[in-house]
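In: got a predicted structure plus its sequence, pasted below:
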Amino acid sequence: MTANYLVFERAPDKRFTFGSDAITNSYTRWGKPRKLVEAKAELSEEQKGRYFNPPYTVGSAMIWPVRKTHRPALNTAKGMRLRIADRIDLTLECIRRHYAGEPASPLADVISNYADFFNLFCTFEQFVEFFHLQDLVTPEGRIAFFLEEDENFRRPGVPTTKDEYIRVREASLKFITLRGNRMADWVEKNHPEIKVRRH
């Protein structure tokens, strides 16, 4: 570790610096758009307690490459671009399109800037497996969107009704649990000497 970043050196002249990032968002502090704010206001106190401040676990964390010459980094861009709205399912669709050479996505420019990072994994399937993201991909290799309406980025990524907010949060919480268990399974299989705590 150096300066609070993880560094991976592939060769003396090729190194990657990474920053950590939460891959789900409760939109607790988002003061816009107006429809999102109104949707949150309609939640019951019980729902607010469940959705607004979930525990931060390894299953909800990710690393992305960062470098001064390419701004914004992916962790910043996915949070600032409204078509993505800090959602991992929509981010992963952008990454899938990059590997498949499919039409441009809202993150195409940023992903292209870090193409050397994505080249490390050779294929989308290997990227997904390495980061334990299998529960966001269907058996057909498509993305399992939190909201079905989000395919093809036809609308902003933020939920705009109470129902949409609940669906996004429930899907993201389920994904975090599944991913955390998947990561725990991998550690137990490959490093049995490590004691794993499951949440």
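Out: Structure received.

In: so which elements touch the lengthiest strand in the chain?
Out: Counting by DSSP state E, the longest strand found in the chain is strand 14-22. Counting contacts by 3 or more CB pairs under 8 Å, 6 or more residues apart in numbering; DSSP states H and E, strand 14-22 packs against strand 6-11, strand 61-65, helix 115-119. Bear in mind the C-beta positions are built from the backbone N, C-alpha and C, glycine included.

In: switch to 10 Å and redo it
Out: In this structure, strand 14-22 packs against strand 6-11, strand 61-65, helix 74-80, helix 88-100, helix 115-119, with contacts taken as 3 or more CB pairs under 10 Å, 6 or more residues apart in numbering; DSSP states H and E.

In: what residues of that strand count as buried?
Out: Across strand 14-22, burial judged by 16 or more other CB atoms under 10 Å covers Phe16, Thr17, Phe18, Gly19, Asp21, Ala22.

In: any chance of CSV for the residues you listed, columns pLDDT and distance to Asn119?
Out: As requested, these are arranged in CSV below (pLDDT from 0 to 100; distance: CB to CB, whole Å):
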residue, pLDDT, distance to Asn119
Phe16, 80, 11
Thr17, 87, 16
Phe18, 90, 16
Gly19, 86, 19
Asp21, 89, 20
Ala22, 89, 25
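
In: ok, so of these, who is nearest Leu36?
Out: Relative to Leu36, the closest of the buried residues of strand 14-22 is Ala22; by CB to CB it sits at 17.8 Å.

In: tell me, what residue is most central in this protein?
Out: With distances taken as CA atoms, centre = their mean, Ile88 lies nearest the centre of the chain, 2.8 Å away.

In: what sits against that one?
Out: Shown in contact with Ile88 (CB atoms under 10 Å, 6 or more residues apart in numbering): 21-25, 60, 62, 78, 133, 136, 143, 146, 172, 175-176, 179.

In: one more time with 8 Å
Out: Contact analysis of Ile88 by CB atoms under 8 Å, 6 or more residues apart in numbering lists Ile23, Thr24, Met62, Leu133, Leu136, Ser172, Phe175.

In: again, but for Ala73
Out: Applying CB under 8 Å, 6+ apart, the residues contacting Ala73 are Gly19, Trp64, Pro65, Val66, Arg67, Val110, Tyr114.

In: which of the contacts of Ile88 fall within strands?
Out: Per DSSP E, the subset of the contacts of Ile88 in strands is Met62.

In: which one (most neighbours) among the contacts of Ile88?
Out: Ile23 (25 neighbours; other CB atoms under 10 Å).

In: any idea how far Val58 is from that residue?
Out: Separation of Ile23 from Val58 (CB to CB, to the nearest Å): 11 Å.

In: same deal with Val37?
Out: With CB to CB as the criterion, Val37 and Val58 are 31 Å apart.
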